[in-house]
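Visitor: Okay, structure incoming, though there's no sequence with it:
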């Protein structure tokens, strides 16, 4: 009998009707497997709780915010356990604290330190479906903590690791990971399998099915993750470790991210400490920078460019304009109408010329490349936003991603 | 520095604006006292959660229902702690579990078995206001439990006992305990003080400021309870132990209850075991009977009458009609248009003739008495509902309750 951890997100449990649907889905699995089910807060509950907090104070204390937010998942686990029982199953709900999901003391963005899950094991041994609140834990100081964005996925993957589950199933509103966005590329193909590193690149590149943090955890502990649809029974995409014979495919997927903005500081004096000064100032404003590109300097000056979430853009520009003045740079230019388009694939490691082929494809279509950044298994280009769809389709075609053989 | 436990009910914390008002009230007290603040769920939250549960299943598991309901108070404590912090106070919230309010395993109606409140003490020692979730605890099996109706009052009184607080202040939407309902008796007077036994009679007789269960607990542990208004600063009514010199007043208050119905079984064969059979059948339907009156039998037959909450009336009648047939009684008569009017006062113990004076007053006004029931410190009569106001005013006048001297 396999042990499976299933995770259902907020939209899958948004109201009592959907919770009953999830219960039916869980019951199907429970007929032949031991099941741990991790759930998020119902629908927009977390947003509503945040709004309540902000009606009280502009800057809620993180410890009290966690106390507040943790109620969201607690409501869902109780209701789902009731729905499972109503369907004749034995079920029992557990808060993060009861499941012994221990974290550090970093309220609102705690990191999991240990999971004993003793009571979850006991429930499984007793033939019960264990329903566990995602997103929350208990700190070393015995305080209720929350895990931050994507926390419920992380709870599921971490529980799967702790319980040595056979697979961690993440149920979402898409039915798997695609070679490209099917809305843009009609012949995009659902991947049967991607390896952790590819998924990590895709997650950070804007394919939002799974948070990078959960993939890292899965990779570290070798948890096989199955991303699949809440609504359809078909298998989705397995996220797993690399295996022999997987390198035949050069490019596994083409991703894009249209939620970023680009900023450049022009003619920055090229001396030690300048980069630290610039990025220190941005970090102090809590802006998370994605790409950073700095070319070689000429005449003692260089240009520095970076991308960041569009929402942080205005804040970053004003900060950088100050910095530019103080370090004697020429000035700051910025652009919100950009898109980042990337190719991802572990097969790139052993194939040279992949980047060149990408640039050539862009050139043929008259798409100007504004920034380039590469990792071992990905190449990303920032281009003008209006070319985003064309670029994705072109790359999907050029690298024959839709015709993948063994994945 | 006195230690005070304050309790604010659901209507006092129904929305963020009211929570901020409570925070201001707490801040005033915190200037000169150590404070523990117990709160209920916001407004109608508990009802909404119950409704969610019933959208999932008609008969929710009690353990899961407690898991669900406990979130209501958890939301309030977090928001109140934030509001206190926003006002510059040090504050920290605690769930029932964190406050170590231990209970038995009777889910949805658990009984408190022990309170160590270690973390609450630590918070007080650190100069913090401790904000504690009412209505909830942690069972011997480490499960979240709730205490049932009036549970938040009980949490407050029990915490006051455990912490040896100087007083337990219960903030409500009335400003104290009155000699009679001021809506009926214009010269009804707010009592400065009532003793536990009087309050118990009043609570069970329909003066709804404080649940009987909390008063019993306060009496057992000698906790002084101060019932006062959430909206006005004036002192309310102290509920306390009996003291010398308090017996000068014969009748402390006149209460009434118009939420009951009366049922009689006529010509019941008077033989051993009959009463057990009748009340066993009613109890099996979860009907809580209030008054029971049975007179001496004549010719081997007697009549049995009782009162119960009006909502249980129909259920009880159909059960009793069956029983009446099976035991050979003549039949069942019932009446929903009744009121119970009572006089309460520890002074009655040492004064004879109190009941007689009550009956005489009713006679003078032409009010027919349908049932009579007495305790050591109360006399209750069931009368036709239309006479309820007249009866209350008459008794308030005859016993000169409005002119109380020392209370």
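Guide: Received, thanks. On a predicted model such as this, the values are computed, not experimentally measured, just so you know. Residues are numbered from 1 along each chain as shown, chains lettered A, B, ... in the order given.

Visitor: Also compute the angle for the top helix by length along chain A relative to helix B:62-86, please.
Guide: Among the segments of chain A that qualify as a helix by DSSP state H, the longest is helix A:62-86. For helix A:62-86 against helix B:62-86, the angle by axes from the mean of the first three to the mean of the last three CA atoms, to 10 degrees is 160 degrees.

Visitor: now helix A:62-86, how far from the chain's geometric center?
Guide: How far helix A:62-86 lies from its chain's middle: 23 Å, per CA atoms, centre = their mean, to the nearest Å.

Visitor: swap in stretch A:135-155?
Guide: Using CA atoms, centre = their mean, the offset of stretch A:135-155 from its chain centre is 16 Å.

Visitor: Which residues belonging to that stretch are considered buried?
Guide: By neighbour count on 16 or more other CB atoms under 10 Å in any protein chain shown, the buried set for stretch A:135-155 is A:135-139, A:143-148, A:150-155. Yep, even glycine has a C-beta here, placed from its N, CA and C like the rest.

Visitor: Ok, stretch A:84-104 next?
Guide: Buried, per 16+ other CB under 10 Å, within stretch A:84-104: A:84-86, A:89, A:91-103.

Visitor: just these that are near chain B?
Guide: By CB under 8 Å from any CB of the partner chain, the members of the buried residues of stretch A:84-104 lying near chain B are A:85-86, A:92-93, A:95, A:98.

Visitor: Looking at these, which is nearest residue A:289?
Guide: residue A:95 (35.8 Å; CB to CB).

Visitor: what's the residue lying closest to residue A:391 once chain neighbours are set aside in contact with, if anything?
Guide: Distances taken as CB to CB, 6 or more residues apart in numbering or on different chains place residue A:341 nearest to residue A:391, at 4.5 Å, with adjacent residues excluded. Contact partners of residue A:341, counting by CB atoms under 8 Å, 6 or more residues apart in numbering or on different chains, are A:254-256, A:380-381, A:383, A:388, A:391-392, A:395.

Visitor: hang on, residue A:341 is in a helix, isn't it?
Guide: No. Assessed with DSSP: H, G, I helix; E, B strand; the rest coil, residue A:341 is strand; it does not lie in a helix.

Visitor: Give me the mean pLDDT for stretch A:12-20.
Guide: Averaged across stretch A:12-20, pLDDT comes to 96.

Visitor: right, is that stretch up against chain B?
Guide: Yes. Interface with chain B: stretch A:12-20 contributes A:16, A:19-20 (CB under 8 Å from any CB).

Visitor: any chance of these in CSV, with secondary structure and neighbour count too?
Guide: Below are those laid out as CSV (DSSP: H, G, I helix; E, B strand; the rest coil; neighbours: other CB atoms under 10 Å in any protein chain shown):
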residue, secondary structure, neighbour count
A:16, helix, 19
A:19, helix, 23
A:20, helix, 21
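
Visitor: ok, of those, which one's closest to chain B?
Guide: Among the residues of stretch A:12-20 next to chain B, residue A:16 lies closest to chain B (CB to the nearest CB), at 3.8 Å.

Visitor: so what's whichever residue of the stretch 251-400 of chain A sits closest to chain B up against?
Guide: Closest approach between the stretch 251-400 of chain A and chain B, counting by CB to the nearest CB: residue A:286, at 20.8 Å. Applying CB under 8 Å, 6+ apart, one finds that residue A:286 lies in contact with residue A:312.

Visitor: Quick check on it: phi, psi?
Guide: phi 60, psi 30 (degrees, to the nearest 10).

Visitor: for chain B, what are the nearby residues on chain A?
Guide: So chain A meets chain B at A:16, A:19-20, A:49, A:52-53, A:55-57, A:60-61, A:63-65, A:67-68, A:70-71, A:74-75, A:77-79, A:81-83, A:85-86, A:92-93, A:95, A:98, A:142, A:144 (CB under 8 Å from any CB).

Visitor: Residue A:98 contacts residue A:119, correct?
Guide: Yes. Between residue A:98 and residue A:119 there is a contact under CB atoms under 8 Å: 5.7 Å.

Visitor: helices or strands next to the helix or strand containing residue A:360 in the packing?
Guide: According to DSSP states H and E, residue A:360 maps onto helix A:354-364. Packing partners of helix A:354-364 (3 or more CB pairs under 8 Å, 6 or more residues apart in numbering or on different chains; DSSP states H and E): strand A:369-375, strand A:378-384, helix A:388-398.

Visitor: and the angle for it with strand A:378-384?
Guide: 20 degrees.

Visitor: what ranges do the helices span in chain A?
Guide: A:16-30, A:45-56, A:62-86, A:118-125, A:151-162, A:196-204, A:212-221, A:274-284, A:313-327, A:354-364, A:388-398.

Visitor: returning to what we had before: residues making contact with the helix holding residue A:360?
Guide: Against helix A:354-364 from outside (CB under 8 Å, 6+ apart): A:250-251, A:343, A:348, A:368-369, A:372, A:374, A:379, A:381, A:383, A:391, A:394-395, A:398-399.

Visitor: repeat that for 10 Å
Guide: Helix A:354-364 is contacted from outside by A:250-251, A:254, A:341-343, A:345, A:347-348, A:351, A:353, A:367-369, A:372, A:374, A:377-381, A:383, A:387, A:390-391, A:394-395, A:397-399, using CB atoms under 10 Å, 6 or more residues apart in numbering or on different chains.

Visitor: Type out the ChimeraX command that picks the buried ones from those residues.
Guide: This is how ChimeraX selects the buried members of the contacts of helix A:354-364, with burial counted by 16+ other CB under 10 Å:
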select /A:250,251,254,341,342,343,345,347,348,367,377,378,379,380,381,383,387,390,391,394,395,397,398,399
